[in-house]
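Chemist: here is a sequence together with a model predicted from it:
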Amino acid sequence: MITEILHITLLSIFVSVSATILASIMAVPLGTILGLKKFRGKEIIRTVTYTLYGFPPVVAGLIIYLMLSREGPLGSLNLLFTPTSMILAQMVLVFPIVTGLTMSSVSDIAKDVKETAMTLGADRWQTAKTVLNEARVGVISAIMVGFGRAIAEVGAVIMVGGNIRWHTRVLTTAIVLETRRGNFAYALILGGILLSVALFVFFILKRYQDKGVKM
Amino acid sequence: MFWPVKNNGKKIAVMIISIILITAGIIAFRRLTPRNEMVLATTTSTYDSGLLDEIIPIFEEEHDVRLKIMATGTGQALELGRRGDADVLFVHAPELEKEFVNESHGTLRYDVMFNEFVIVGPQSDPAGVEGMDGAVSALERLHDEEATFCSRGDDSGTHVKEKELWGKTMFDYEDIEESDWYKELGQGMGDTLMITSEKNAYTLTDEATYLSLKEKLADLEILVRDETTLYNQYGVIPSYDARQPELAEEFAEWIISDEIQERIDNYTIEGEKVFTANAKNTN
């Protein structure tokens, strides 16, 4: 049983950390660009992104399911009911959150820093780097919120992962199963582990955030 | 520096990376050892009874394959088969299964085993159905008394059976669906039993799931048994469109073999026999 709990916990961390990192790799640069640039339709993009914060996990699950299903366009990749499919589903949920929150914190800081940096002779790339560095607290918060969304999510991963023992069972789907079986004590323990995992990851990210502020 | 971190941060980063690598290693290891994988879609009732934990490892051993077991309702399991996402189906709604085979999604359908559905309700039995012979007349009594009835409402085998039973009563199912005392939950059997127990209501359940949850269900008792109408047949269908049609076929032949049939017969939950094996080719 300990081995199984360990497996479930590590798989949860693996899936959600991977989803958060992969989504952030795309979302942070995109959010920075959107935050820095002024262009027509920016407000619309902002509103759309904010709306997607509330993207229903089951809809994300359904879309990924239909894409990866054998009859779907990516069916030949054989990815349905694997951890990869769960990572994809969580990325769909994390991406708009990290993009939107990065965009907000970058555009807050951009006004002051951008001009200063330009005056000091920074090129566009250097300016972007400086702004991003200054906006670090907000950006790391964005990643934290994204991770929180990923690790706590159940609807999408149960659809595309299938809650298969030793394969795609993560903490949230295991809690659903154990509750259904009436093993409330076990379900509660898993819930405790889930919170501890979130706490642990937030603690690590928080350190990066604090270090950044002091510099 | 762009993202200034001191030694401590490095240590933590190394920790995170090792966690990810270890997990990736575990997953890779599990995926690599036996090359073959097959998806078995089954019902929550079969899964939660624990029978599969008992017999599946034997098949995995014999055929050097890893089975990925999905526990859903019969309706969803058949849909997984239709889309080719599940290789073999182990379900309990003979009518739907035959339809599935007739649409030529499946090769053959084999009877595997049966058990019984029972009507459960609160010990106090406010509607007074305890000991009634016919399930249909018991449902009619529940209807007349407007006793709270929890329905699975999820197109599972149990739900299909329940609708079939209401169809045999003198009432119109569409009217029942709209009644206040009739609650469609849209949940699995375990959840439905929990809710039924909390609400002091009645429901139709397969005996296996009831037995495996009995201790956690505050005074929910078996009130009506009916050997003829509450018969619950389980069947296995290898899916024609999936990835492992040959292995699926082997699985079906394996589960109806004498050795496994005997194991199914001997399987007990808390000393009570749950399933009766009755394999024979029925198509």
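Modeler: Nice, thanks for sending it over.

Chemist: is the worst-scoring helix or strand of chain A on mean pLDDT up against chain B anywhere?
Modeler: Across the helices and strands of chain A, mean pLDDT, DSSP states H and E gives its lowest value to helix A:124-134, namely a mean of 83. Yes - using CB under 8 Å from any CB of the partner chain, we find that helix A:124-134 touches chain B at A:129, A:132-133. No exception for glycine: its C-beta is placed from N, CA and C like everyone else's.

Chemist: low-confidence ranges in the chain?
Modeler: Going with chain A. A:211-215 (pLDDT under 70).

Chemist: you answered for a different chain; I wanted chain B.
Modeler: Along chain B, the parts satisfying pLDDT under 70 run over B:1-9, B:26-35, B:281-283.

Chemist: what ranges do the helices span in it?
Modeler: Listed in chain order, the helices of chain B (DSSP state H) span B:7-32, B:44-49, B:51-63, B:74-82, B:94-102, B:135-145, B:157-168, B:173-178, B:189-198, B:207-213, B:245-255, B:258-266.

Chemist: what does chain A give?
Modeler: Assigned by DSSP H, the helices in chain A fall at A:2-36, A:42-52, A:57-68, A:83-119, A:124-134, A:136-151, A:155-161, A:171-180, A:184-214.

Chemist: out of those helices, which is the most enclosed?
Modeler: Comparing the helices of chain A by mean neighbour count (mean count of other CB atoms under 10 Å in any protein chain shown), helix A:155-161 ranks first with a mean of 26.

Chemist: from the contact counts, what lies against that one?
Modeler: If contacts are counted by 3 or more CB pairs under 8 Å, 6 or more residues apart in numbering or on different chains; DSSP states H and E, helix A:155-161 sits against helix A:57-68, helix A:83-119, helix A:171-180.

Chemist: distance from the least confident helix or strand of chain A to the middle of the chain?
Modeler: 23 Å (CA atoms, centre = their mean, to the nearest Å).

Chemist: thought residue A:99 was touching residue A:143, still the case?
Modeler: No - if you go by CB atoms under 8 Å, residue A:143 and residue A:99 don't touch, sitting 11.2 Å apart.

Chemist: spit out the contact partners of residue B:196.
Modeler: Taking CB atoms under 8 Å, 6 or more residues apart in numbering or on different chains, we find residue B:196 in contact with B:120-121, B:150, B:202-203, B:217, B:220.

Chemist: repeat that for 6 Å
Modeler: By CB atoms under 6 Å, 6 or more residues apart in numbering or on different chains, the residues touching residue B:196 are B:150, B:203.

Chemist: next: the one 3 residues further on.
Modeler: Residue B:199 is in contact with residue B:148, counting by CB under 6 Å, 6+ apart.

Chemist: against residue A:45, how distant is it?
Modeler: Per CB to CB, to the nearest Å, residue B:199 is found 48 Å from residue A:45.

Chemist: what's the closest of the residues of helix A:124-134 next to chain B to residue B:130?
Modeler: Ranked by distance to residue B:130 (CB to CB), these are led by residue A:132 at 71.0 Å.

Chemist: skip the chain neighbours and tell me the closest residue to the closest one.
Modeler: Once flanking residues are discounted, residue A:132 sits nearest to residue A:32: 5.5 Å by CB to CB, 6 or more residues apart in numbering or on different chains.
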